[in-house]
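> predicted model, plus sequence, below.
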Amino acid sequence: MAAQTILFDFTLDSAKTGDEKQRQEVAKILRNELEHVFPQLELAYSMESPENGYFSVLHENKATIITCRIFQHGLLTVNVEYFLPAGKEPIMSFDTMRTMELILRQKLDSDRSKYLPPIKRGGYIDIYMTSSDERIIEYDIDKLVYEVRSPFQKIQILHSKTLGNMLLLDELQNIAESDLIYTETLMGRGIENYEGKEICILGGGDGALLYELLKENPKHVVMLEIDELVMEACNKYLNSICGDVLEKRRSDQYEIVVGDCVEYLKKFIGEGRKFDYVFGDLTDIPITGAPVGVDWDFIRTIFEHSFKVLKPDGKFLTHGNGTSCTESLELFEEQLALLKPKVKFTTSKAFVPSFMEEWLFYQVSFA
Ligand SMILES: C[S@@+](CC[C@H](N)C(=O)[O-])C[C@H]1O[C@@H](n2cnc3c(N)ncnc32)[C@H](O)[C@@H]1O
C-alpha cells in the first residue's frame, strides 16, 4: 500500500516550445497519447504563462492524477500519481511505461527522454535510503522482520531479497547478512595479526566483528555496547554473521559489557588497562551520554580516550564514510590531526553490499 508516482521527461527542440501556440500543439500530442493508456482521461485544469510555459492537471476517475508541464526552454515533464492498495497491480506495467515513452519521443521529435518507474511513498516499510553523498538508493526489501524502540534508538531488522536480513538503527543501514567484506576490511583480515592480542571493541552490537575476531585466536576481547536490545535483535535475526557470541556474552576469550563505551574507556584509563587493538565500530552518529557536544566533539572524545588505552605499538581501527563523501572524510582526518601525541594513519576500502557504495576504513597508530 503506497502512493506511487511515475515520472517522465522529454527534451524538445526549444524552438517548438517557445510560444503558447507551439506549447498547445505539444500538449495536444501528449493528451492523444495519454488517452491510449487512460481512456477515461479528463482535463481538470490548465494554465499558460509566457514566463513559465504550460501546465495542466488531467485525471482518470479522479483517482489517477497526471500533471504535465511544458517549459519554454524545451522540456516536457509528465507525473502520473495514484494510490495503490495492497495486493493490487500497478496502473502502468513496465511495458506500458516504456512504450508510452518511446511513442511520445517519436511523436514529439524528442532527442532524449527518460522515465523513472514508480516512486513509492507512504508504505509501512521504507525501501529508500540515501548514500553517504545523499543519492537515493532503492532496496528490494520485502519484509519488516522485527522492530523495537530501545531507550537509545529505533531498531529494525528488514529483509532484502538480495542482501538477507539488514540491521537498521534510527533508519540508517548498519550491517546485513551480505556484509562479511565490511567486517573483514574493518579488521584488515590477512594483514593484521590478532593471535594472542588484547582487543577492545567500542559498539559492535551486531556481533559480527567479535565473531570474526575470535576466529583469529586473540588473547581476549572486551566489547563495550550500550544497547542490550540491538544485541538481542542481532542474536536472533543476524545469526549468520554473529554466530552465538551474543548468546553467551562471556567466555575465556571474550566479555561483552553493556554500557556507554566512553564511561568504560575512562575506567580503563584509570586502571591503566591497555590494548593492542581498539575498534571504533560505533554508529555513524554515536549515542552520547556525556555532555561533550554533538557528532565531531564526541568522535574526538572517542579518539582521545582510545589512544589512552592503546599500547605504544597498538592500533585504532575504524570505519570512516563513503569514499564519495570527501568533505566528511577530510573533517574526520582533521580530527585525527588534532590528536596529541601525534598519530599517523593508513586507509583501506571496500564496496559494502548493503551500503551499495564503497566505504573507507582507517588504521591509526602513534606517529
Ligand atoms: C551495530 S554497530 C555497527 C556500526 C556500523 N557498521 C555502522 O554502519 O555504523 C554500532 C553500535 O554502536 C553502538 N553505540 C553507539 N553509541 C555507543 C556508545 N556511546 N557506547 C557503546 N556503544 C554505542 C550502537 O548501539 C550500535 O549497536
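Thanks, I have the structure now.
> going by C-alpha atoms from here, please, whenever you check contacts or count neighbours.
OK.
> would you mind listing what in the stretch 51-200 of the chain touches the ligand?
For the stretch 51-200 of the chain, the residues in contact with the ligand (Cα under 6 Å from any ligand atom) are N174, I175.
> which phi and psi does E134 have?
When read as degrees, to the nearest 10, the backbone of E134 gives phi 70, psi 30.
> can you pull up the bridge partners for H220?
Taking DSSP bridges as the rule, H220 bridges to E198.
> surely it and Y194 touch.
No - counting by Cα atoms under 8 Å, Y194 is not a contact partner of H220; they are 9.8 Å apart.
> phi and psi next, for N239.
Main-chain dihedrals, N239, degrees, to the nearest 10: phi -50, psi -30.
> that one and L167, how far apart?
Noted for N239: a distance of 12 Å to L167, by Cα to Cα, to the nearest Å.
> which residues outside the biggest helix by length in the chain are in contact with it?
For the chain, the helix with the greatest residue count under DSSP state H is helix 20-37. Residues outside helix 20-37 that contact it (Cα atoms under 8 Å, 6 or more residues apart in numbering) are 16-17, 41, 48-50, 53-54, 70, 72, 96, 100, 103-104, 107-108.
> I191: how many residues sit nearby?
I191 has 8 neighbours, counted by other Cα atoms under 10 Å.
> helix, strand or coil for it?
Under DSSP: H, G, I helix; E, B strand; the rest coil, I191 falls in the coil class.
> and for the one 4 residues further on?
With three-state DSSP as the basis, E195 sits in coil.
> tell me where the stretch 151-300 of the chain has helices.
Assigned by DSSP state H, counting those that start in this stretch, the helices in the stretch 151-300 of the chain fall at 180-187, 208-214, 228-237, 239-242, 245-248, 261-271, 296-308.
> okay, the fifth one in CSV with CA atoms only?
Output of helix 245-248 as CSV, limited to C-alpha atoms (Å, rounded to 0.1, in the frame of the first residue of the first chain):
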residue,chain,number,x,y,z
VAL,A,245,28.8,-14.8,20.5
LEU,A,246,25.8,-12.6,21.6
GLU,A,247,24.1,-15.5,23.2
LYS,A,248,26.8,-16.4,25.7
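> what does the stretch 251-367 of the chain put close to the ligand?
Within reach of the ligand by Cα under 6 Å from any ligand atom, the stretch 251-367 of the chain has these residues: G259, D260, C261, D281, L282, T283, D284, P286, I287, T288.
> format these as JSON lines; extra columns: neighbour count and pLDDT.
Shown next, in JSON lines, are those (neighbours: other Cα atoms under 10 Å; pLDDT from 0 to 100):
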{"residue": "G259", "neighbour count": "15", "pLDDT": "97"}
{"residue": "D260", "neighbour count": "19", "pLDDT": "95"}
{"residue": "C261", "neighbour count": "26", "pLDDT": "96"}
{"residue": "D281", "neighbour count": "22", "pLDDT": "97"}
{"residue": "L282", "neighbour count": "22", "pLDDT": "95"}
{"residue": "T283", "neighbour count": "17", "pLDDT": "89"}
{"residue": "D284", "neighbour count": "15", "pLDDT": "83"}
{"residue": "P286", "neighbour count": "16", "pLDDT": "76"}
{"residue": "I287", "neighbour count": "18", "pLDDT": "73"}
{"residue": "T288", "neighbour count": "17", "pLDDT": "67"}
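> so which of those residues comes closest to L209?
Set against L209, the nearest of those by Cα to Cα is D281 (8.3 Å).
> in its sheet, what does the next helix or strand after the longest helix of the chain sit against?
Next helix or strand after helix 20-37 toward the C-terminus (DSSP states H and E): strand 41-49. Sheet pairing of strand 41-49 (DSSP bridges) gives strand 53-60 (antiparallel).
> quick one, what contacts F71?
Neighbours of F71 in contact, by Cα under 8 Å, 6+ apart: T17, N52, G53, Y54.
> name the SS class of S132, please.
Relying on three-state DSSP, one would call S132 coil.
> any regions of this structure where pLDDT drops low?
For the chain, residues meeting the criterion pLDDT under 70 lie at 288-294.
> mind giving me the domain split of it?
Domain assignment for the chain by automatic domain parsing gives 2-121, 129-175, 178-366.
> winner for burial among those domains?
Highest mean neighbour count among the domains of the chain (mean count of other Cα atoms under 10 Å): domain 178-366, with a mean of 18.
> what's the span of that one from first residue to last?
33 Å.
> also stretch 67-86?
Between the opening and closing residues of stretch 67-86 there is a gap of 24 Å (Cα to Cα).
> and which of the contacts of helix 20-37 is nearest the ligand?
T96 (39.0 Å; Cα to the nearest ligand atom).
> now the element after the helix or strand hosting the closest one, going C-ward?
Using DSSP H and E, T96 sits in helix 94-107. Using DSSP H and E, the helix or strand that follows helix 94-107 in sequence is strand 112-121.
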